[in-house]
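Engineer: Model the structure of this input:
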Amino acid sequence: MCEFHNPINCIVPPHMVDVLMLRGDASVRKMAEGLVKIGSAVREARAAEQGSGMVPRDGAQGVFVSRALAEGAAAAHTCDRRVHDGEEKAGLPGKLVRAEGDPATGDPEVDRAYDGAGDVFSLYSEEFQRNSIDGFGMPIVQTVHHRRDYNNAFWNGTQMAYGDGDGEIFSTFTELSVIAHEISHGVVQHSGGLIYQGQSGALNESYADVFGAMTAQRSAGQSVYEADWLVGKGILGPNINGKALRSMKAPGTAYSDALLGQDPQPYHMDFYVDTTSDNGGVHINSGIPNHAFYLYCMYLGGNSWERPGQIWYKALQNINNPHATFGDWAAETLDAAIELHGIGSYEMLMLRRAWNLVGIDV
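Structural biologist: Numbering: from 1, shown residues only. Below you'll find the predicted structure:
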């Protein structure tokens, strides 16, 4: 449903859609097949636009960095949120219903998307000195009420879109960690990119999960010990046995349901899933770097957006390797920890231990 050349970064993973097609009744199978078709249509539309938001570094073909890094970050950070009502139609972006500075509309989906985007912008601006998605104040365009009873949310390369859910399998998609997850896919795209395949694709998903959880924690004023470390909390339907889409604290435990099956995420390289589906398991194996980040936060304490988040963000800006493996990423985070805190620092030593605990030696 999401391919690595022109991916749409969907919050509901293909492996979950596959299970729905296998276990669901006729209506559920029809819905799942529709998700696959919609994903293909959006992907083709993105390919036609042919815009990546990335530029070559030093003229080297195939090596990318963000325009913000290549040209220098913009001086002033100005939030520009634009929330559209898709009116249950397929076209994007739809009717503009709340622009920056406008009062609340009374539509919960519109207002959650608006407020959530503000929380994400604030995180990146105030904690990481990044001016919006691309580093230059890019408008944060979102569409709610996308299609009728649509069971997904995605970043399509230029904007976010959120379905309302069908009220049975999924209830809503304008939950803060989901909003931050999708916007953070845009940050990855404009920071050199991580190819959406295999381990680099899993790192792409993991970065979005990390900053999704981080945004929710910062908004709630939670320390790493107070947080639940769930991504997509509360979006599952009322009769689904589960807490969220993913758990960074305990990958593999977010849901266990007769229809959705068992959360397949591993927490250690010993359980890495080799598969040709889901672009090589990008939504599945992301549990491993997710858990490494969680463990690191447990060692450091405090707030996730401080020392741990600064290291993860710097690693993304510096890695300059769209095909990075887990080992490459771990090494880059270690370099970032050394750069920020010094060789032999507690931050460096605990980071190495966190990676070792998930089966990655650095």
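
Engineer: Show me where the chain has its strands.
Structural biologist: Applying DSSP state E to the chain gives strands spanning 9-10, 54-56, 64-66, 81-85, 95-99, 140-144, 153-155, 160-162, 230-231, 246-247, 256-257, 261-262.

Engineer: Compile those into CSV and extend it with columns for mean neighbour count, mean pLDDT and distance to V120.
Structural biologist: The C-beta positions use only the backbone N, C-alpha and C, and glycine is treated the same way. Below are these laid out as CSV (neighbours: other Cβ atoms under 10 Å; pLDDT from 0 to 100; distance: least, Cβ to Cβ, whole Å):
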stretch, mean neighbour count, mean pLDDT, distance to V120
strand 9-10, 24, 80, 15
strand 54-56, 15, 39, 20
strand 64-66, 23, 41, 17
strand 81-85, 24, 98, 10
strand 95-99, 16, 98, 16
strand 140-144, 26, 98, 8
strand 153-155, 28, 94, 12
strand 160-162, 29, 97, 10
strand 230-231, 24, 98, 14
strand 246-247, 30, 98, 18
strand 256-257, 16, 96, 29
strand 261-262, 14, 94, 30
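
Engineer: M350: neighbouring residues, count only.
Structural biologist: Neighbourhood size, M350 [other Cβ atoms under 10 Å]: 19.

Engineer: Helices of the stretch 201-350 of the chain, start to end?
Structural biologist: Secondary structure of the stretch 201-350 of the chain (DSSP state H, counting those that start in this stretch): helices at 278-285, 287-300, 307-318, 326-341, 346-357.

Engineer: picking that back up, closest to G34 out of the strands of the chain?
Structural biologist: With Cβ to Cβ as the measure, strand 9-10 is the member of those nearest G34 (13.3 Å).

Engineer: picking that back up, for the strands of the chain, which one sits closest to P322?
Structural biologist: Nearest to P322 among the strands of the chain is strand 64-66; the distance by Cβ to Cβ comes to 6.4 Å.

Engineer: one step back: for the strands of the chain, which one sits closest to N204?
Structural biologist: Proximity to N204 (Cβ to Cβ) singles out strand 9-10 among the strands of the chain, at 7.4 Å.

Engineer: So D134 sits against T158, correct?
Structural biologist: No: distance between D134 and T158: 10.5 Å, which falls outside the contact criterion (Cβ atoms under 8 Å).

Engineer: So the two - more neighbours on which side?
Structural biologist: The neighbour comparison of D134 against T158 (other Cβ under 10 Å) goes to D134, with 20 against 17.

Engineer: which secondary element of the chain has the worst mean pLDDT?
Structural biologist: The weakest-scoring helix or strand in the chain, judged by mean pLDDT, DSSP states H and E, is strand 54-56 (a mean of 39).

Engineer: quick one: low-confidence parts of the chain?
Structural biologist: Applying pLDDT under 70 to the chain picks out residues 1-8, 39-75.

Engineer: Show me it divided up by domain.
Structural biologist: Domain assignment for the chain by automatic domain parsing gives 8-50, 76-174, 198-357.
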